[in-house]
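Novice: here is a sequence with its predicted model. Questions after.
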Amino acid sequence: MKKLITIISIVSLISCNKEARTEAIPKNETDKVILKDNDIKSFSRYSNDNNSLIEKIYYKIIENDQNLTKLDEEISKLNDESREYKRSLDDILQKPDDYYKDAKYRTKFLKDSLLKKEILKLIESSEKNFTKNTSVLKGKMKQTNLNTISINELYSIYKIRKTLPAIEDFQKTIPNNKKIDSIINEQEKLIQQLKSLKN
């Protein structure tokens, strides 16, 4: 019975040490504690990748920074507008492309060679005008795509720079070997006591 009480005491001691170790993480109002799970879970909704710790940390850091929050909203809004415009433009430009393909395909089966030549000439002339009239617009659309890529890359780099100090600070909460050595020592004592128990 005495041995059983001793074992229970040791288990309780280890358990308490574990709780004390968890509570030892500094609690202050800076971005230095944002890596605690309960502080960043709710911010996953802002991220396209809900598993991205960088995104979670970043949105926790900027929650009280009006300038960065506004910048983030502007980037998001512009990306949405660009994506929506490209989608609608692609739909508009695709219809003439489909039309000319269909017209050429139908013309291919005409038996009258003179009529076939005449119709193909009309189709090709119309298609050429369409390509010429939309070339500037297509060039500008290409530029908006390149700009979007550039903005997203630069913003991603900024997020990394902004969150690096937080992850570096978090590393200070990693306990030293002294505590784990103490736990291992207690565990080994407990193992020996358990081995010595008889019926």
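Specialist: Cool, the structure landed.

Novice: okay, now residue 78: neighbour count?
Specialist: 14 (other C-beta atoms under 10 Å). For the C-beta atoms, the positions are set from N, CA and C on the backbone; glycine is no exception.

Novice: quick one, what contacts residue 125?
Specialist: Applying C-beta atoms under 8 Å, 6 or more residues apart in numbering to residue 125 gives no contacts.

Novice: can you tell me the helix or strand for it?
Specialist: Secondary structure from DSSP states H and E places residue 125 in helix 113-170.

Novice: likewise for residue 111?
Specialist: Using DSSP H and E, residue 111 sits within no helix or strand.

Novice: what's the domain layout of the protein?
Specialist: The chain breaks down by automatic domain parsing into domains covering 1-24+175-199, 25-174.

Novice: packing partners of the host helix or strand of residue 179?
Specialist: Taking DSSP H and E as the definition, residue 179 sits inside helix 177-196. The contact analysis (3 or more C-beta pairs under 8 Å, 6 or more residues apart in numbering; DSSP states H and E) places helix 177-196 against helix 2-23.

Novice: quick one: mean pLDDT for the helix it packs on?
Specialist: Confidence for helix 2-23, expressed as mean pLDDT, is 39.
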